[in-house]
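**Q** below: sequence and its predicted model.
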Amino acid sequence: MGAADVVPGVSGGTIAFISGIYEELITSINNVNISLFKTFKKNGFQAFWKQLNGNFLVALFTGIFISVFSLAKGISWLLVNQPILLWSFFFGLVVASIFFVGKSLERWNLVAVIMFVLGAAIAYYITTLPPAENTESLPFLFFSGALAICAMILPGISGAFILVLLGSYKVILDAVHEKDFKIVATVGLGAIFGILSFAKLLKWMFSHYKDLTLAVLAGFILGSLNKIWPWKKVLETKIFDDKVIIIKDQSISPFAFDGDNQLLFAIILALIGFSLIFILEKLASKKL
């Protein structure tokens, strides 16, 4: 999940789903409520930790933390120097995850198909939106944090990409580098509010409309493919801090791409990414 979240356009929620921990993650987040602290007061730390599913959350977030800090530099280098090969790997991975989520449905019917198409259309539309200008209003940054964390736990939608669309990405990045704790705390509180609120909605949807929820999530993943298509034509750029940032691009055919011919290696990496999903599925199905 940490490795996926480093890459703009790839969702950590997709990785959580294909590794078989998605529903447990949503349930564990929902455990953070008033009753949890009542349990701590009445029955002590051990009961509190069990109700929280603390071992799972600590293992998960430790893995994310280690992955982000150990892989961020390497993935950032690949995004700049070998973008086609990197995006090809993730493209194959995400395509396979559509099949994985789709087969999780107990029954496909007309309503499920409609929800799948609707989810795909919404996600595709999001990938075509132009980024907004930077916004430094604290209420807006609170909202940005809440919305980005919701996107981060949704398969197919990248939290980092949502921040770019909202125009908050650079503001938040600068705040982290400059140790502007007011902005960081505001975004953090928004993220906590967002994940606790949204997890309740997801839990309710999985409990009452599991097949329809899965159909929408599969659609989100399909629609997000436009964002991670390896071959892009840059239409508009902007310079931030002496760095050229792509504002708008367009997916094109690999045969129309004006650059190094990496098609064979791209196909191989896409197949590796595709195969990795089914390897993860087999590993996740084994009892450790």
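**A** The structure has been received and is ready for your questions.
**Q** what separates the helix or strand encompassing Gly194 from the chain centre, distance-wise?
**A** Taking DSSP states H and E as the criterion, Gly194 maps to helix 181-208. Distance of helix 181-208 from its chain centroid, counting by CA atoms, centre = their mean, to the nearest Å, is 14 Å.
**Q** who does the next helix or strand after it touch, helix- and strand-wise?
**A** Helices and strands here follow DSSP H and E; after helix 181-208, the next one along the chain is helix 210-223. Judged by 3 or more CB pairs under 8 Å, 6 or more residues apart in numbering; DSSP states H and E, the packing partners of helix 210-223 are helix 83-102, helix 110-128, helix 181-208. Any C-beta I mention is one placed from the backbone N, CA and C, and that applies to glycine too.
**Q** so for the helix holding Gly194, what gets flagged as buried?
**A** Within helix 181-208, the residues that qualify as buried by neighbour count (16 or more other CB atoms under 10 Å) are 183-184, 186-187, 190-191, 194-195, 198-199, 202-203, 205.
**Q** for that helix, packing partners?
**A** For helix 181-208, the packing partners by 3+ CB pairs under 8 Å, 6+ apart are helix 22-30, helix 138-152, helix 169-177, helix 210-223.
**Q** as TSV, the buried residues of helix 181-208 with distance to Glu136 and pLDDT would be great.
**A** Shown next, in TSV, are those (distance: CB to CB, whole Å; pLDDT from 0 to 100):
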residue	distance to Glu136	pLDDT
Ile183	8	84
Val184	13	83
Thr186	10	90
Val187	11	86
Gly190	14	89
Ala191	17	85
Gly194	19	85
Ile195	23	83
Phe198	25	81
Ala199	28	80
Leu202	30	81
Lys203	34	81
Met205	34	85
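**Q** name the nearest residue to Thr128, sequence neighbours excluded.
**A** Asn226 (7.2 Å; CB to CB, 6 or more residues apart in numbering).
**Q** so for the helix or strand that contains that neighbour, what's the average pLDDT?
**A** Using DSSP H and E, Asn226 maps to helix 225-228. Here helix 225-228 scores 81 as its mean pLDDT.
**Q** how about it as CSV, C-alpha atoms only?
**A** Backbone C-alpha positions of helix 225-228 (Å, rounded to 0.1, in the frame of the first residue of the first chain) are rendered in CSV as follows:
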residue,chain,number,x,y,z
LEU,A,225,-6.8,3.2,-16.0
ASN,A,226,-6.8,6.4,-18.1
LYS,A,227,-4.6,8.1,-15.5
ILE,A,228,-2.0,5.4,-15.4
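**Q** pull the distance from that helix to the chain's centre.
**A** Relative to where its chain is centred, helix 225-228 has its mean C-alpha point 13 Å off (CA atoms, centre = their mean).
**Q** what helix or strand does the residue located most distally from the centre of the chain sit in?
**A** Farthest-out residue of the chain from its mean C-alpha position, per CA atoms, centre = their mean: Lys42, at 37.1 Å. Secondary structure from DSSP H and E places Lys42 in helix 34-43.
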